[in-house]
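> Coordinates for the following, if possible.
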Amino acid sequence: MASGPSNVLFDDLFTIEDIDREGKKFDRVSRLIARSSNFDMGLTLDYNMELYPLKKDEKFSLVLASSLVRGGAGAAADEDDRDVWRPDGKGRRGLEEDYEYVMYGKVYKFDGESGDVVTAYASFGGLLMSLTGSHRHLQNIVLGDPLYLLMRR
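Numbers count the residues shown, from 1 in each chain. Sure thing, here's the model as predicted:
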């Protein structure tokens, strides 16, 4: 990870181990289970499979960020510049330009904070994520904070 002020809270490469292991509950939503190569993190993630079709054994990069502003949250010049992405296509281009699939949500729970292994849970409009591994790799993720999830193959 980058040193200094950065809006990137987590970054790793994952390999999909399974998709919809417990069956499909919704038409357009699938749940993947993946393991990361660098930090040995476990990921369970709901995603829109029509917008972003994925297959077992496929690899993807996953970034969790506190904002989409390039160069970190401190790079925003003023209050109006904080929210980079706008549905009308106007505004500055941010991290979302480098990724194929982006979701916005909130961290709502942590488990196992007493030991070395912790799980961070986030909800992206009802699509859920759990990320499990060493607390060292999740220390920048804060309960209640907004979170951007960015993926690319």
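> Next up, identify which helix or strand the residue nearest to residue 146 when sequence neighbours are not counted is on.
Nearest non-adjacent residue to residue 146, counting by C-beta to C-beta, 6 or more residues apart in numbering: residue 106, 5.7 Å away. From N, CA and C alone the C-beta is placed, and that goes for glycine too. Element membership for residue 106 (DSSP states H and E) is strand 101-111.
> Show the residue spans covered by the helices in the protein.
Using DSSP state H, the helices found in the chain span residues 135-138.
> and the least confident helix or strand in it by mean pLDDT, how far out from the chain's middle?
The weakest-scoring helix or strand in the chain, judged by mean pLDDT, DSSP states H and E, is helix 135-138 (a mean of 94). Here the centre of helix 135-138 is set off from its chain's centre by 14 Å, with C-alpha atoms, centre = their mean, to the nearest Å.
> elements contacting that helix?
Contacts defined by 3 or more C-beta pairs under 8 Å, 6 or more residues apart in numbering; DSSP states H and E place helix 135-138 against strand 8-19, strand 117-124.
> Among these, which comes closest to residue 138?
Residue 138 lies closest to strand 117-124 among the helices and strands packed on helix 135-138, at 5.2 Å (C-beta to C-beta).
> what mean pLDDT would you report for the closest one?
Averaged across strand 117-124, the pLDDT comes to 96.
> Using JSON lines, lay out the helices and strands packed on helix 135-138 together with distance to residue 67 and mean neighbour count.
Output for the helices and strands packed on helix 135-138, formatted as JSON lines (distance: least, C-beta to C-beta, whole Å; neighbours: other C-beta atoms under 10 Å):
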{"stretch": "strand 8-19", "distance to residue 67": "10", "mean neighbour count": "18"}
{"stretch": "strand 117-124", "distance to residue 67": "15", "mean neighbour count": "19"}
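> For residue 24, give me its contacts.
The contact partners of residue 24, taken as C-beta atoms under 8 Å, 6 or more residues apart in numbering, are residue 30.
> give me phi/psi at it?
Taking degrees, to the nearest 10, you get phi -100, psi 130 for the backbone angles of residue 24.
> how far away is it from residue 105?
Per C-beta to C-beta, to the nearest Å, residue 24 is found 22 Å from residue 105.
> swap in residue 133?
19 Å.
> what about those two, which has more around it?
Set residue 133 next to residue 105 and count neighbours by other C-beta atoms under 10 Å: residue 133 wins out with 21 against 17.
> Just list the residues touching the more buried one, thanks.
By C-beta under 8 Å, 6+ apart, the neighbours of residue 133 are 36, 39, 40, 41, 42, 117, 118.
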